[in-house]
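Undergrad: Sequence first, then the predicted structure:
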Amino acid sequence: MIFPITKININDNSGAILAQCIKILEKSKPKIAGIVADLLVISIKKYTINIKAKKIKPLTKGLNKLKGDKESRIRGLISWTVFKLKRFGNYYINSTNNSILILDRQNAPWATRIYGPVFKEIDKIKTNKAYSLGRHFI
């Protein structure tokens, strides 16, 4: 489960490494915390040096500002959680860490590659591109 003010790893090649959850936008279940396939508002806390080489203008505009500024708040999609996720057939699946993908305003991923496996619950949301970028599906 991901609560507000949780620090989260980013598992795509957008150049960001660490983010902090500010707010949970769309919840798949009526709970306080976010689980897989929920949308978040995040703030980038740590990123690589070569992010200025990327041609993604909205991302670089937000990351060049001071950390925690309103301009640097962007959307994220939860891709992995440590919390056990129940599936059909009464079995549970979880990950070793919490991780997200960075999205643009149209809920499409900024990155061109996703590291690691992708949970099948991400396919249930409106954007299928995030699901199609993954190589391994769980």
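TA: Ah, there it is.
Undergrad: can you list the weak-confidence ranges in this structure?
TA: Residue ranges of the chain with pLDDT under 70: 27-31, 49-72, 124-128, 131, 135.
Undergrad: residues in contact with the strand ranked longest in it?
TA: What stands out as the longest strand in the chain, according to DSSP state E, is strand 16-26. Strand 16-26 has contacts (CB atoms under 8 Å, 6 or more residues apart in numbering) with 2-10, 33-34, 38-48, 51, 59, 63, 73, 75-76, 100, 102. Bear in mind the C-beta positions are built from the backbone N, C-alpha and C, glycine included.
Undergrad: Just checking: what are the partner strands of it?
TA: strand 7-10 (antiparallel), strand 39-47 (antiparallel) (DSSP bridges).
Undergrad: Can I get these in a markdown table including mean neighbour count?
TA: Below are these laid out as a markdown table (neighbours: other CB atoms under 10 Å):
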| stretch | mean neighbour count |
| --- | --- |
| strand 7-10 | 19 |
| strand 39-47 | 20 |
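Undergrad: For Gly116, which of these is the nearest?
TA: strand 7-10 (10.2 Å; CB to CB).
Undergrad: Can you tell me the centre-most residue of this protein?
TA: Ile100 (2.3 Å; CA atoms, centre = their mean).
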